[in-house]
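Enquirer: predicted model, plus sequence, below.
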Amino acid sequence: MTLFRLAASAASMIVLAATPVAAQTAAEAQVLDLSKRAIALRSVQGPGNQSPAVAALFRDALVAGGWRAEEVEIVPYEDTAYLIATWPGSEPSLGPIVFSAHLDVVEAKPEDWQRDPFTPVVENGYLYGRGASDTKFDAALAVASMIELRRQGFRPRRSIVIAYSGDEETTMATSKIIAERLKNASLVLNVDGASGTLDEKTGKPKYWSWQGGEKSYMDFRLEATNDGGHSSAPREDNALVQLARAIERIGSHRFAPEVNAITRAYFEKAAAFESDPLKAAAMRAFARDPGDKAAIAVLRSDPYNTGKIGTTCVPTMASAGHAVNALPQRATAIVNCRVFPGHSAAEIKTELERAAGEPAVTITDITGDTATVSDASPLDAALVASFERALAKSWGKVPVIPMQSSGASDSMWYRALGVPSYGASASFIKESDDFAHGLDERVPLVNIKPGIAFYTALLRELAAK
């Protein structure tokens, strides 16, 4: 069953159409084989972490596909490892094109799943398993596509680098190391997670989004302390009550709505695909005027959109007291923030302090070095045109929409160093099938053939510049 149709005249444009059938079938088979073998490796932080084995799996495939052994580097780091594989271009002075993804996955408990999370299962056109959509399938698809592109005889002018981190889901230590090593890159294509959306009813491509920015991740600790005492002698400065008041006020606080070039373009274009007329109108109104109170109210009522219109800070954890019959000597809470690009941790801390309104409650930035602040990548019209042409040669004519992520990815480390990074996965998925980090994670296998066509077409263009 196929999710796209191409006219006969358009079909001749597909790069892979000129490829022998047997070779293309081998490339498609390799995607599934690598994906299944990667999913079977439990690349989870902690004892027994098999991220190095996933790196070795991809290394062996690349070496068998024509890379010299010294061009594929696996670097151990604590319990994980990262992979950097270089396909040297004819002009090494040019900044390379980097393909970014990660080897690790979020923990999964077999007893919670219908299928064992680390036993890949193909069923009804889907590949199930932890990492299927985040992001072992996409990592395998990119590797197999590079091997296929090389088999076709392509010779890049710019070097192409495959850079897969080993702890994106946790500390991001290797993510930071890789970005520093590749800060001479001209462009990063982050294939972490599906960029395309399939229609829920027809299963056909609805639109494709390139991710040009993401909100910064920040954690803050709230703390109230005092001498405590016997619960039979209550006092006004109860640490738990002080903290509770601060949490309630922060939970009710709303940061000022704002837009940048990417989010404005997103709301303008995505409104056409919103089935709710009220939300569609609000999206257009907000793009015109981010101060439109009626539009803001509509968008804030939707969890999917509220994070797109500004910074959000949410209390996520709390702890207090040391005995049921004693006044608490210490009460603490964690507030997690997703910060709109352009704001520092100091700015957010100051606004949280004002919102809390409790002088007795101290607020401390505890984010550490697991995240960084980064501006959005440029809205590059030429690159967007390249995306559109590659999509036309793989999936057919599909609307292209810019996107700013509310989550966090390896892209922020590149952007913080001034390297443009864009989320640009070849995969499509229904919103109802998006179980990344959740139970019974899956990805539709219909992505394989057009995915290879997308990456080979895109790299033929970008690496030749």
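Expert: Okay, I see it. Because the structure is a prediction, the values reported are computed rather than measured.
Enquirer: what are the ranges of the helices in the stretch 51-200 of the chain?
Expert: Listed in chain order, the helices found in the stretch 51-200 of the chain under DSSP state H, counting those that start in this stretch are 51-64, 136-151, 173-181.
Enquirer: now do the stretch 251-400 of the chain
Expert: Taking DSSP H, counting those that start in this stretch as the criterion, the stretch 251-400 of the chain carries its helices at 261-270, 277-288, 293-300, 303-306, 345-356, 381-392.
Enquirer: same for the third one, what does it pack against?
Expert: Spelled out, that is helix 293-300. If contacts are counted by 3 or more CB pairs under 8 Å, 6 or more residues apart in numbering; DSSP states H and E, helix 293-300 sits against helix 277-288, helix 303-306. Quick note: C-beta positions are derived from backbone N, CA and C, even for glycine.
Enquirer: buried residues in the last one?
Expert: Right, the one you point to is helix 303-306. For helix 303-306, the buried set under the neighbour-count rule, 16 or more other CB atoms under 10 Å, comprises 305-306.
Enquirer: can I get the CA coordinates of it in PDB?
Expert: Extracted in PDB, the C-alpha atoms of helix 303-306 (Å, rounded to 0.1, in the frame of the first residue of the first chain):
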ATOM      1  CA  PRO A 303      -1.900  22.100  24.900                       C
ATOM      2  CA  TYR A 304      -0.500  21.500  21.400                       C
ATOM      3  CA  ASN A 305      -0.400  25.200  20.700                       C
ATOM      4  CA  THR A 306       0.200  26.900  24.000                       C
END
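Enquirer: might you report the residue contacts of Glu358?
Expert: With CB atoms under 8 Å, 6 or more residues apart in numbering as the criterion, the residues that contact Glu358 are 224, 242-243, 245-246, 249.
Enquirer: try it again at 7 Å.
Expert: Taking CB atoms under 7 Å, 6 or more residues apart in numbering, we find Glu358 in contact with 242, 245-246.
Enquirer: just the buried ones among the residues you listed, please.
Expert: Burial by neighbour count, 16+ other CB under 10 Å: within these this picks out 242, 245-246.
Enquirer: where along the stretch 51-200 of the chain do the strands fall?
Expert: All strands of the stretch 51-200 of the chain, identified by DSSP state E, counting those that start in this stretch, fall at 72-77, 80-87, 97-102, 121-123, 126-128, 160-165, 187-190, 196-198.
Enquirer: give me the nearest residue to Ser231, chain neighbours excluded.
Expert: Asn325 (4.8 Å; CB to CB, 6 or more residues apart in numbering).
Enquirer: from Val314, how far off is the one you found?
Expert: According to CB to CB, to the nearest Å, Asn325 and Val314 sit 32 Å apart.
Enquirer: more neighbours: those two, which one.
Expert: For Asn325 against Val314, the residue with the higher neighbour count under other CB atoms under 10 Å is Val314, and the figures read 11 against 7.
Enquirer: what pLDDT does the nearest residue to the more buried one once chain neighbours are set aside get?
Expert: Closest residue in space to Val314, ignoring its immediate chain neighbours: Asn336 at 5.7 Å, by CB to CB, 6+ apart. At Asn336 the predicted local confidence, pLDDT, stands at 96.
Enquirer: please report phi then psi for the residue nearest to Ser231.
Expert: phi -110, psi 30 (degrees, to the nearest 10).
Enquirer: okay, now the residue nearest to Ala371 when sequence neighbours are not counted: neighbour count?
Expert: Taking CB to CB, 6+ apart, and ignoring the residues beside it in sequence, Ala371 has Tyr217 as its nearest neighbour in space, at 4.0 Å. Burial measure for Tyr217: 20 neighbouring residues, criterion other CB under 10 Å.
Enquirer: part of a helix, is Tyr217?
Expert: No - residue assignment for Tyr217, taken from DSSP: H, G, I helix; E, B strand; the rest coil, gives strand, which places it outside any helix.
Enquirer: who wins for proximity to Gly229 among the helices and strands packed on helix 293-300?
Expert: Distances from Gly229 to each of those were compared by CB to CB, and the smallest falls on helix 303-306, at 41.6 Å.
Enquirer: could you say what helices and strands that closest one packs with?
Expert: On a contact count with 3 or more CB pairs under 7 Å, 6 or more residues apart in numbering; DSSP states H and E, helix 303-306 meets helix 293-300.
Enquirer: ok so, going back, could I get the helices of the stretch 251-400 of the chain as JSON lines with mean pLDDT and distance to Gly213?
Expert: Conversion of those to JSON lines gives the following (pLDDT from 0 to 100; distance: least, CB to CB, whole Å):
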{"stretch": "helix 261-270", "mean pLDDT": "95", "distance to Gly213": "5"}
{"stretch": "helix 277-288", "mean pLDDT": "98", "distance to Gly213": "16"}
{"stretch": "helix 293-300", "mean pLDDT": "98", "distance to Gly213": "18"}
{"stretch": "helix 303-306", "mean pLDDT": "89", "distance to Gly213": "16"}
{"stretch": "helix 345-356", "mean pLDDT": "98", "distance to Gly213": "17"}
{"stretch": "helix 381-392", "mean pLDDT": "97", "distance to Gly213": "14"}
